[in-house]
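Engineer: I would like the atomic coordinates for the input below:
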Amino acid sequence: MHASWFAISLGVAVVVLGSIIVFAVAQPRRPRTADEASTITVTYWVAVAWATMSVIGAIASVLTALMQPEVTITVPVQEFWPALPTGTLLEGTTASRAGGGFTSAEVNVAGLSIGARVLWAVSQGVAWLLPAAIAGLLAVACHQLRAGRAFAPVVSKMAMITAVVVALGGLTMQITGDIAGNLAAVELLQWTGAQYPDVAGIEDELQAWWPRPGFGVTFPFWPLAAGLGFAALAAVLRVGSRLQRDTEGLV
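Structural biologist: Purely as a prediction, here's the structure:
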């Protein structure tokens with residue numbers, strides 16, 4: 001979910017900023033038409049609303065993770081598939097499982113430890129703030145374009161800030177979320193003793209029906225790649241700023 005939300009944000013940012021650069025380079029002297037001005041204005045306000053909603057979402061998700069009695073969290077489990085009693089017959093299925101099983105589950109957990117809550121809150125908050133940073137870059141770019149300063153230094157600086165936020169934020173989101181899920185899996189699934197009645201056709205009820213906690217921390221490469229992309233964009237904008245100053249000096 002985080003990755004797809006960010007991918008949408010990144011795609012919109014690339015399209016809009018690319019359009020800004022093309023517009024500024026290809027038609028530096030021609031006055032904007034009413035349609036072009038309206039498009040820029042609408043994009044600006046959409047970006048502002050986008051950033052605002054993302055910040056509000058970040059605050060709400062953090063408060064929910066920290067203050068609600070139940071926390072919705074994704075926990076890793078060792079590969080698991082529930083076993084049915086011997087002789088069970090299922091009707092209507094057209095395929096059969098040859099192997100594999102669940103490796104994660106999204107659950108509502110009560111009584112989660114403070115450490116797991118804080119890490120999960122950080123992950124969820126950062127997941128919302130990444131689109132906010134991108135939307136902020138779009139808003140700044142559109143604001144400068146409306147003023148006729150498509151290559152203003154503030155745009156390239158904002159692009160570099162976005163690059164850092166995306167790179168570090170993406171890593172933080174993934175790692176803190178994974179660690180929180182690992183802690184929650186142990187707290188929810190790791191048992192030290194159990195009593196249960198025998199079930200005919202099941203040799204070990206707990207092994208058949210109770211998943212064991214899993215462990216894993218992912219170090220994703222997409223935040224670094226996306227951050228480098230925004231850093232490259234910042235470099236392009238800096239070059240454009242210098243060319244614009246040189247052109248103005250010749251006029």
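Engineer: distance of Leu168 from Ala147?
Structural biologist: Between Leu168 and Ala147 the computed distance is 31 Å (C-beta to C-beta, to the nearest Å). Any C-beta I mention is one placed from the backbone N, CA and C, and that applies to glycine too.
Engineer: tell me which of the two has more neighbours.
Structural biologist: Per other C-beta atoms under 10 Å, whichever of Leu168 and Ala147 has more neighbours is Leu168, with 14 against 9.
Engineer: can you confirm that one is in a helix?
Structural biologist: Yes. Under DSSP: H, G, I helix; E, B strand; the rest coil, Leu168 falls within a helix.
Engineer: where does pLDDT dip in this protein?
Structural biologist: 1-36, 150, 194, 243-251 (pLDDT under 70).
Engineer: okay, strands next: where are they in it?
Structural biologist: All strands of the chain, identified by DSSP state E, fall at 70-80, 102-110.
Engineer: wait, isn't Leu171 in contact with Phe219?
Structural biologist: Yes. Leu171 lies in contact with Phe219 (C-beta atoms under 8 Å); the separation is 7.2 Å.
Engineer: the two: which has the busier surroundings?
Structural biologist: Taking neighbours as other C-beta under 10 Å, Leu171 and Phe219 compare with Leu171 leading, 19 against 10.
Engineer: and for Pro223, nearest residue in space, chain neighbours not counted?
Structural biologist: Sequence neighbours aside, Gly170 is the residue nearest to Pro223 in space, at 2.5 Å (criterion: C-beta to C-beta, 6 or more residues apart in numbering).
Engineer: my read: Leu129 touches Ile56, true?
Structural biologist: No. In this structure, Leu129 is not within contact of Ile56 by C-beta under 8 Å, at 11.1 Å.
Engineer: comparing these two, which residue is more hemmed in?
Structural biologist: Between Leu129 and Ile56, counted using other C-beta under 10 Å, Leu129 has the larger neighbour count: 23 against 12.
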